[in-house]
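Peer 1: model the structure of this input:
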Amino acid sequence: MKSIRCILLIAALVSLLLVSCARSSQDRSDNNRPTEDPLSAGQALYQAHCATCHGVEGKGQFPDNPYGPDANDLIGAPPHDPTGHTWHHPDVVLVQITQEGRSQPGVYPMPAFGDKLTESEIMAILGYIKTWWTPEQIAAQATASAQFTPSVK
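Peer 2: Residues are numbered from 1 along each chain as shown. Sure, this is the predicted structure:
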């Protein structure tokens, strides 16, 4: 009788071990599933949240005169393409502007997206915007990002 209990106990333990291993293996395979291409995600997020003001191709709100005032004497959202100045700013500053928004005299205000987009989503958008820049602009912006030191307030 003791041997039957012992065999049943061992069988139960082996079964638990096998089920546990199978779940562990399944969890690992779920974690290794390919995720959406960051560039495609960035493009979709840009189209959904940025293109209305900055233009579908990043040419700015008023592509014919991106830095000139409109009939309301206000300058529109700037271009993000190579003609714009976005590439002059480090990533951390671009993320901050996107999260907090920006308001300047004589310019249409940029709304804050901190409650709509995560930092990784903003970085995906920036990755997409960078596809419009020249190799020299990409290198200069990467250097600015690497060398950026936040100022103490």
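Peer 1: what score does residue 36 have for pLDDT?
Peer 2: Residue 36 is assigned a pLDDT of 71 by the prediction.
Peer 1: same question, residue 4
Peer 2: At residue 4, pLDDT is 46.
Peer 1: ok, now residue 25?
Peer 2: pLDDT, residue 25: 42.
Peer 1: and what of residue 11?
Peer 2: In this model, residue 11 carries a pLDDT of 39.
Peer 1: kindly report the same for the one 4 residues further on.
Peer 2: Looking at residue 15, its pLDDT is 41.
Peer 1: now swap in the one 4 residues further on and tell me
Peer 2: Listed pLDDT for residue 19 reads 38.
Peer 1: repeat for residue 149
Peer 2: Turning to residue 149, the model gives it a pLDDT of 88.
Peer 1: what helix or strand does it sit in?
Peer 2: Residue 149 belongs to no helix or strand when assigned by DSSP states H and E.
Peer 1: could you give the number of residues near it?
Peer 2: 7 (other CB atoms under 10 Å). (C-beta placed from N, C-alpha, C; glycine too.)
Peer 1: which residues touch stretch 118-138?
Peer 2: For stretch 118-138, contacts defined as CB atoms under 8 Å, 6 or more residues apart in numbering pick out 38-39, 41-43, 45-46, 49-50, 57-58, 80-82, 86-87, 91, 94-95, 98-99, 113, 117, 141.
Peer 1: filter the residues you listed down to the buried ones.
Peer 2: 41-43, 45-46, 49-50, 58, 80-81, 86-87, 91, 94-95, 98-99, 113, 117, 141 (16 or more other CB atoms under 10 Å).
Peer 1: so where is the protein shaky, pLDDT-wise?
Peer 2: 1-35, 152-153 (pLDDT under 70).
Peer 1: repeat the analysis, applying 50 as the threshold.
Peer 2: Applying pLDDT under 50 to the chain flags residues 4-34.
Peer 1: where do the helices sit along it?
Peer 2: Taking DSSP state H to define them, one finds helices in the chain at 2-31, 38-49, 51-54, 91-100, 119-129, 135-147.
Peer 1: quick one: buried residues of the shortest one?
Peer 2: For helix 51-54, the buried set under the neighbour-count rule, 16+ other CB under 10 Å, comprises residue 54.
Peer 1: neighbours of residue 48, how many?
Peer 2: 12.
Peer 1: would you mind measuring from it to residue 124?
Peer 2: As judged by CB to CB, to the nearest Å, residue 48 and residue 124 stand 12 Å apart.
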